[in-house]
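Q: quick check, what structure comes out for this input:
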Amino acid sequence: MKKRTPIAVILAACLLLTAGCGPAKQEAPADKGGAAASQASKPAVSAADLKTVTDFETGIRTWGLDPDTDLKGLARKDAKDAIAALRMQRIGANPAAGLMSFTPDAKTGPEAPNPSCPFYEEIREQTGSDINGWQVYCKSGLKAGDWLMGQEWGMGAKWASGPTAVPSGDKVRVTGTVRAILVQGNTRGRDDRVASWGWYAVTPAVKEWKVDDLLSIRDGKVSGIEHRTDDPWWTDPWLTEWTKDIASGFDGATRTAIPVKGMPSFDGQGYPDVDALYEPESEGEDGTDWSMWSDLPGQGPSDEDNKQLMDICIAKYGDQCPLLSPGQQP
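A: Numbers count the residues shown, from 1 in each chain. Here you go, the predicted model:
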């Protein structure tokens with residue numbers, strides 16, 4: 001038998017152990033690219049995230065009296081029926097609470113302390129007297145939502161356009177326009193509401209605000225929100241601290257004068273502690289739509305009718321026309 005050399009022994013060992021001593025074959029991984037590649041291809045903001053944000057924004061900005069209420073449909077109705085249609089309901093829990101993972105500040109929303117209390121609390125601290133205002137707004141523990149029912153007759157908001165949600169890096173940007181309405185009833189006992197032949201004016205204010213929010217989302221829920229435009233609390237009532245300066249926030253609003261039959265009685269509304277909308281004192285008030293006041297039944301003759309009657313009377317009776325005031329010349 002021929003004796004094997006050490007080199008032959010080494011080669012035999014290579015064949016047995018590695019099926020050859022050349023480079024080992026590289027097997028393709030079962031999952032090409034692995035978890036890292038899968039993670040890299042996943043979008044930062046998913047379609048589901050955009051829907052969550054859209055539903056969230058819709059929820060937090062829709063409440064109360066519908067700003068698109070048909071005001072013309074209330075014209076010429078009995079006052080009690082017209083104002084009943086404009087009365088808001090007490091604002092309840094945040095409908096979008098299940099879509100958010102953060103907790104709003106305790107000072108925000110309808111269950112927070114009412115915004116009238118701090119003023120009377122300060123007076124009490126300065127005077128040491130439990131004045132009536134402190135008892136009503138502080139000692140009572142009145143919540144903001146109940147406070148509002150006694151301050152304003154009707155308020156509410158909804159999206160007029162939007163919300164439009166688009167990715168912005170790892171966040172979501174939401175834009176659009178929110179429309180809000182304000183109807184005031186008892187305004188510090190003022191009685192300058194326009195009245196004509198038994199018809200009284202109720203004049204709601206409607207105004208729009210631009211929205212530009214940047215929202216963070218984590219694990220399928222909204223984890224934060226940044227407002228990049230003015231965000232008055234009545235356009236965002238659950239996440240914003242309420243204030244008393246409501247009417248001044250509606251400066252420049254569209255005002256519509258609704259003629260109602262009989263003097264309105266805003267039962268259930270107390271003595272307001274908020275600023276008041278300006279009640280138009282005449283049908284010529286700038287910025288108010290009086291188009292519903294033409295040809296009201298029982299309103300009496302128009303100025304043109306009165307002029308024609310006077311011309312006929314003077315033509316027939318001269319300076320003896322009974323329509324002439326004492327000392328008035330034809």
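
Q: drop to CA atoms for contacts and neighbour counts, all remaining ones
A: Will do.

Q: can you give me the helices in the stretch 101-250 of the chain?
A: 117-127, 132-134, 144-151 (DSSP state H, counting those that start in this stretch).

Q: give me the contacts around the last one.
A: Defining contact as Cα atoms under 8 Å, 6 or more residues apart in numbering, one finds that helix 144-151 is touched by 88-92, 109-115, 242, 268-274.

Q: ditto for the shortest one
A: The list of residues contacting helix 132-134 from outside it, by Cα under 8 Å, 6+ apart, reads 117, 120-121, 124.

Q: buried ones in it?
A: In terms of neighbour count (16 or more other Cα atoms under 10 Å), helix 132-134 has its buried residues at 133-134.

Q: and for the last one?
A: Buried residues in helix 144-151, defined by neighbour count with 16+ other Cα under 10 Å: 144-145, 147-151.

Q: only the buried subset of the contacts of helix 144-151, as a ChimeraX command please.
A: Buried residues within the contacts of helix 144-151, by 16+ other Cα under 10 Å, are selected in ChimeraX with:
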select :88,91,109,110,111,112,113,114,115,242,269,270,272,273,274
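
Q: if I look at the residue nearest the centre of the chain, how far off is residue 59?
A: The geometric centre of the chain, computed from its C-alpha atoms, lies nearest to residue 235 (Cα atoms, centre = their mean), at 2.5 Å. Distance, residue 235 to residue 59, using Cα to Cα, to the nearest Å: 11 Å.

Q: would you mind giving both backbone torsions of the nearest residue in space to residue 95 that is not next to it in sequence?
A: Counting by Cα to Cα, 6 or more residues apart in numbering, residue 95 lies nearest to residue 59, which is 5.6 Å off, once chain neighbours are set aside. Phi and psi for residue 59, reported as degrees, to the nearest 10, are phi -70, psi -40.

Q: my read: residue 59 touches residue 99, true?
A: No: using Cα atoms under 8 Å, residue 59 is not in contact with residue 99; the gap is 9.5 Å.

Q: okay, now the unreliable bits of the chain?
A: 1-42, 186-195, 268-271, 279-286, 298-306, 326-327, 329-330 (pLDDT under 70).

Q: what about 80?
A: 1-43, 186-197, 267-272, 278-287, 295, 297-310, 312, 316-317, 320, 322-330 (pLDDT under 80).

Q: all strands of the stretch 151-300 of the chain, in order?
A: 154-168, 171-183, 195-196, 199-202, 205-218, 221-227, 254-256, 258-261, 288-289 (DSSP state E, counting those that start in this stretch).
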